[in-house]
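Undergrad: when you get a sec, could you give me coordinates for this:
(2 chains)
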Amino acid sequence: MILEGKKRLWAEYQKEIPDDNYFYVRSCIRQNFFPASEPTFLRILRDELKKDIFETPFHTTCSGIGYHSDIVPMETTMTVVARQFALMTEAGYENYAASCITSFGLYSEIIETWKHFPEVLAKVRKHLKQATGREFEIPQSLVHASDIVFKLRNEIAAKAKFKLVNKHTGKPLKVVEHIGCHYSKMFPSKGVGGAEYPYVLVGMIEVWGGEVVDYPERRHCCGYGFRHYLVKANRGYSVANTKKKFDSMEPYKPDMIITNCPGCPYFLDRWQYVIAEMEGKTYGGDGQGIPALTYEEVAGLVLGYNPWDLGLQVHQIAVEPLLDKIGIGYDPEAKYKGPNGEDLGKPEMPMSIRCC
Amino acid sequence: MPDFGYTINKQRVIDLDKNDGQTVRRVRQLEPSINICIGCGTCTATCSANIFTEFNLRQLMLLVTRGETANLRKDIEKCMLCGKCMLACPRGVNTRNVLLAISRIFTENE
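TA: This is a model prediction of the structure:
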């Protein structure tokens, strides 16, 4: 083996991720789907790892959902994105960190377009100046928030209170990792490990003690894909994609799923309920489902945060069996209590899938 | 079950590992000319049964080749064995015998 050639080849699959000083932009839908994931990310970076991460309330949607649904034209999208970059420039930051995979893909696409078509960039600068009076610099580095957690995974592991290990058997938990399609399928060089060997979540799982499940449909879409879902009549196609993944991973008996996209954990979580209602099929043991978590939630669990502070009670699939396996203590009575102890009310339990 | 307003789309993937590979192997033994079929559809275009029913010899041979044989028993019965397809076939496939071979295998398996 010629090591020099090997290193050169692998260099294409590596990604420069800055150490500190991030300008963070939230996702539109994650704040609703899994409301504690982004605050957990900020808590870990600020409180645990003492990093400088800035966010501004003036940030808006990147319009990615509208763009990918053929509703918002590209030039409008570019001007909206240029405004986000202007907010970063005004705040004095150069490292742009997106919480949303689709935003990340969209930013990558736009920056790449501007590289090849400088006249489009000039036009967008003009549009932004006319519309808002703002000017902007293109970020020095563009990363997804999961890239940052990947970069800091060893530091998180050093502070970990729990490992992804089944405390009853002592064996690593079997973890399915699912990468959002817009992370590296659009621009392979922008993701850790490219589109062929996405390593961003695998790296976290390995360092935190779990075992990665390699199953046939590992790289298949979760079923979200905006146009699959937005029109109600198409949703049968969306859920069919999810079912295909679950049918494929079922023989490996995974303990949990970890994802880095806004839509994926939501669809992998909620569609399990729909599949159970429609076909009576469940994929976890004992009539339960397989918990689908975000990487921030998993990082929070590893660091020993209270599961209910991580928002795990808003998952459709019950996480208690997973917490029991890892040995994380929790108060069942506090599951549906708000941050100030107010009663949030218990949700109606489904008939076809056990939710504890 | 709640009314979701949609159902789970059925997979259209041809899973060669799970499908019936036995039938096509046996047909190839009984009538080797099936191997030179190019799937042009001339057999179906000239088929009298196809005019009056949904019988489609090209489709039937394709499904047998893929191993998707579960629902073909009834289809075969629609053929009148006139042999026009054989005369029209540009590759000289003995289509009538292919069909008889399939029918024979199904009967044997019953």
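Undergrad: looks to me like A:Glu177 is in a strand.
TA: Yes: assessed by DSSP: H, G, I helix; E, B strand; the rest coil, A:Glu177 belongs to a strand.
Undergrad: do you know how far it is from chain B?
TA: Distance from A:Glu177 to chain B, counting by CB to the nearest CB, to the nearest Å: 23 Å. For the C-beta atoms, the positions are set from N, CA and C on the backbone; glycine is no exception.
Undergrad: next, the nearest residue to that residue once chain neighbours are set aside: secondary structure please.
TA: Excluding the flanking residues, the one nearest A:Glu177 by CB to CB, 6 or more residues apart in numbering or on different chains is A:Leu201, at 3.9 Å. Following three-state DSSP, A:Leu201 is assigned to helix.
Undergrad: write out the residues of the stretch 201-350 of chain A neighbouring chain B.
TA: Proximity of the stretch 201-350 of chain A to chain B is confined to A:232-237, A:239-240, A:243-244, A:274-275, A:277-279 under the rule CB under 8 Å from any CB of the partner chain.
Undergrad: try it again with 7 Å
TA: Taking CB under 7 Å from any CB of the partner chain as the contact definition, the stretch 201-350 of chain A meets chain B at A:232-233, A:235-237, A:239-240, A:243-244, A:274-275, A:277-279.
Undergrad: from the middle of its chain, how far away would the helix-or-strand element of chain B with minimal mean pLDDT be?
TA: Scoring the helices and strands of chain B by mean pLDDT, DSSP states H and E places helix B:73-76 at the bottom, with a mean of 89. With CA atoms, centre = their mean, to the nearest Å as the basis, helix B:73-76 stands 9 Å off its chain's centre.
Undergrad: check which residues of that helix are buried.
TA: Neighbour-count burial for helix B:73-76, counted by 16 or more other CB atoms under 10 Å in any protein chain shown, picks out B:75-76.
Undergrad: show me what that helix is packed up against.
TA: Under the contact criterion of 3 or more CB pairs under 7 Å, 6 or more residues apart in numbering or on different chains; DSSP states H and E, helix B:73-76 touches helix B:95-109.
Undergrad: ok, back up a step: let me know the next secondary structure element after the least confident helix or strand of chain B.
TA: From helix B:73-76 onward toward the C-terminus, using DSSP states H and E, the following helix or strand is helix B:84-88.
Undergrad: from the contact counts, what lies against that following helix?
TA: Of the remaining helices and strands, those touching helix B:84-88 by 3+ CB pairs under 7 Å, 6+ apart are helix B:42-46, helix B:95-109.
Undergrad: who's in contact with whichever helix or strand comes after the shortest one?
TA: The C-terminal neighbour of helix B:42-46 among helices and strands, as given by DSSP H and E, is helix B:48-52. The list of residues contacting helix B:48-52 from outside it, by CB atoms under 7 Å, 6 or more residues apart in numbering or on different chains, reads B:44, B:55-56, B:78-80, B:82, B:84.
Undergrad: nearest to A:Met88, out of the residues you listed: which one, please.
TA: Nearest to A:Met88 among these is B:Asn56, at 61.2 Å by CB to CB.
Undergrad: can you list the domains in chain A?
TA: Chain A is divided into the following domains under automatic domain parsing: A:16-144, A:146-334.
Undergrad: okay, the ones you listed, which one's buried deepest?
TA: Neighbour counts (mean count of other CB atoms under 10 Å in any protein chain shown) averaged over each of these peak at domain A:146-334, with a mean of 20.
Undergrad: how far does that one stretch from start to finish?
TA: This stretch, domain A:146-334, spans 29 Å end to end (CA to CA, to the nearest Å).
Undergrad: that older thread, okay, the domains of chain A in CSV with distance to B:Glu110 next?
TA: Below are the domains of chain A laid out as CSV (distance: least, CB to CB, whole Å):
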stretch, distance to B:Glu110
domain A:16-144, 52
domain A:146-334, 30
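Undergrad: would CSV of those with mean pLDDT be doable?
TA: Shown next, in CSV, are these (pLDDT from 0 to 100):
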stretch, mean pLDDT
domain A:16-144, 96
domain A:146-334, 95
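Undergrad: picking up where we left off before, what does the least confident helix or strand of chain B contact?
TA: The contact list for helix B:73-76 (CB under 7 Å, 6+ apart) reads B:55, B:60, B:99, B:102-103, B:106.
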